[in-house]
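>>> Here's my sequence, what's the structure:
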Amino acid sequence: TLHLHNLDIEFINEDLSTKSFRGYNLRSPIQSEYTIRAEIAKKLLKAGVDMKIITKATKLAQSKIL
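Numbering: from 1, shown residues only. The predicted structure follows:
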């Protein structure tokens, strides 16, 4: 869960500053970009998204997703 006031964003709409959002912190050194892309690809595959769309969106080869 991300809170906008923790992201060092200079201008935040006050209506959004107290809300929390779910997402991925791509700046985090804990997970590599590849790991995050692979995780997203597998979730999209489970959700029934077409493989061509997944490979185009994540820029991963089909063999890396399966």
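
>>> what about this structure, any weak spots by pLDDT?
1-18, 25-31 (pLDDT under 70).

>>> contact partners of the top helix by length along it?
What stands out as the longest helix in the chain, according to DSSP state H, is helix 33-46. For helix 33-46, contacts defined as CB atoms under 8 Å, 6 or more residues apart in numbering pick out 24, 26, 31, 51, 53-55, 57-60, 64-65. For every residue, glycine as well, the C-beta is placed using N, CA and C.

>>> give me that answer again for 6 Å
24, 54, 58, 60, 65 (CB atoms under 6 Å, 6 or more residues apart in numbering).

>>> filter the residues you listed to the buried ones?
Neighbour-count burial (16 or more other CB atoms under 10 Å) is assigned, among the contacts of helix 33-46, to 54, 58, 60, 65.

>>> so what does the helix or strand harbouring the first one touch, helix or strand wise?
Ile54 is part of helix 51-58 when elements are defined by DSSP states H and E. Helix 51-58 sits against helix 33-46, with contacts defined as 3 or more CB pairs under 6 Å, 6 or more residues apart in numbering; DSSP states H and E.

>>> what angle do the helix it packs on and helix 51-58 make?
Comparing the axes of helix 33-46 and helix 51-58 via axes from the mean of the first three to the mean of the last three CA atoms, to 10 degrees yields an angle of 150 degrees.

>>> Right, I'll leave it there.
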